[in-house]
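Here is the input, now give the coordinates:
(one chain, ligands or ions: 2)
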Amino acid sequence: MLKITSAEFLQGVTDLRQLPKNELREIVFIGRSNVGKSSLLNKMCNKKNLARSSSTPGKTREINYYIINNEFYFVDLPGYGYAKVPEQMKAGWKRLIEDFLKREEHIALAVQLVDSRQEPTPLDLMMMDWLEYYEVPYLLVLTKADKLPVSKLGRHLDEYKERFEKQLKEGCCRGIVPFSIINGMGKNELLKYIEEHLAKRPQQKKEAV
Ligand SMILES: Nc1nc2c(ncn2[C@@H]2O[C@H](COP(=O)(O)OP(=O)(O)OP(=O)(O)O)[C@@H](O)[C@H]2O)c(=O)[nH]1
Ligand SMILES: [Mg+2]
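Ligands and ions are numbered 1, 2, ... in the order given. Sure, this is the predicted structure:
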């Protein structure tokens with residue numbers, strides 16, 4: 001199984017022209033503010049303070065690159081869903097993220113984080129639509145799974161599987177994984193998916209019509 005032996009912050013980019021030039025494949029983490037992205041990244045890498053959490057949530061517009069095992073990137077996209085963000089900035093965020101996803105040939109796997117205790121938000125659903133549209137393979141990760149009793153977690157997981165059955169069967173959703181930084185649930189499963197997708201060759205682009 002894939003073992004993460006080194007993880008270093010590489011750079012934060014606010015403009016796609018600043019993207020790293022060496023074309024390593026990317027595992028991209030997506031989710032609203034406070035869903036647990038930084039925590040998950042740190043847990044996956046066994047580091048306490050790898051992922052920089054911003055003191056002004058919702059204002060960071062940086063795409064953060066981490067280099068893992070000197071082999072591939074973890075990419076932390078800016079969190080969304082902050083009510084106080086001005087419209088103009090939301091539009092900037094959308095453009096940045098959409099342009100980022102258009103480079104889907106670089107993306108080995110996207111990991112869409114949603115709170116295990118809640119329904120996906122409209123922005124979560126929009127992100128999933130974009131991932132489907134740009135044909136990016138992705139996982140749904142249900143965060144903070146320790147905060148639910150096991151039976152309830154199981155029920156939520158079933159609900160997610162039923163709701164996104166089409167994406168799982170015919171679309172780009174590769175699986176749904178409950179995750180917790182407290183008890184380590186989901187970590188090995190996520191590593192398995194990451195390893196599997198890094199091994200796959202980049203998708204052939206559909207021929208332009
Ligand atoms: N109990 C529990 N708490 C968690 C878990 N994951 C994250 N948290 C908590 O949730 C809060 C937000 O986590 P972050 O990792 O900072 O969330 P984020 O998505 O990076 O947020 P932004 O950087 O603001 O977009 C923190 O207080 C974490 O300790 C988990 O698996 N279990
Ligand atoms: Mg964070």
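
buried sites along stretch 171-191?
Using 16 or more other Cβ atoms under 10 Å as the test for burial, stretch 171-191 gives 171-174, 176-181, 185-187, 190. C-betas here are computed from N, CA, C, even on glycine.

now do stretch 156-171
For stretch 156-171, a neighbour-count test (16+ other Cβ under 10 Å) marks 156-157, 160, 164, 167-168, 171 as buried.

Repeat that for stretch 103-118.
Neighbour counts using 16+ other Cβ under 10 Å place 104, 106-116 of stretch 103-118 among the buried residues.

Flag the shaky bits of the protein, pLDDT-wise.
Across the chain, the stretches falling below the confidence threshold (pLDDT under 70) are 52-60, 83-84, 202-209.

let's see it at 80
Across the chain, residues meeting the criterion (pLDDT under 80) sit at 52-61, 82-89, 201-209.

Which one of the residues in it is closest to ligand 1?
Nearest residue of the chain to ligand 1, counting by Cβ to the nearest ligand atom: G79, 2.7 Å away.

one step back: with distance to ligand 1 and secondary structure as extra columns, can I get the buried residues of stretch 103-118 in TSV?
Listed next are these as TSV, based on distance: Cβ to the nearest ligand atom, whole Å; DSSP: H, G, I helix; E, B strand; the rest coil:
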residue	distance to ligand 1	secondary structure
E104	23	helix
H106	22	helix
I107	19	strand
A108	21	strand
L109	18	strand
A110	15	strand
V111	12	strand
Q112	12	strand
L113	7	strand
V114	11	strand
D115	9	strand
S116	9	coil
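
which one among the residues you listed gets closest to V13?
The shortest distance between V13 and any of these, using Cβ to Cβ, involves H106 and amounts to 13.1 Å.

burial of the nearest residue to that closest one once chain neighbours are set aside, as a residue count?
Excluding its sequence neighbours, the residue lying closest to H106 (Cβ to Cβ, 6 or more residues apart in numbering) is E26, at 5.3 Å. Using other Cβ atoms under 10 Å, E26 is surrounded by 22 other residues.

doesn't F72 make contact with E26?
Yes: in terms of Cβ atoms under 8 Å, E26 counts as a neighbour of F72; the distance is 6.9 Å.

list the residues that contact both of the two?
A108 (Cβ atoms under 8 Å, 6 or more residues apart in numbering).

Next up, the contacts around L153.
Remark: with contacts taken as Cβ under 8 Å, 6+ apart, L153 is in contact with 116, 142, 145, 178.

Next, it: phi, psi?
Taking degrees, to the nearest 10, you get phi -60, psi -40 for the backbone angles of L153.

tell me which of the buried residues of stretch 156-171 is nearest to E195?
E195 has its nearest neighbour among the buried residues of stretch 156-171 in L168, at 20.1 Å by Cβ to Cβ.
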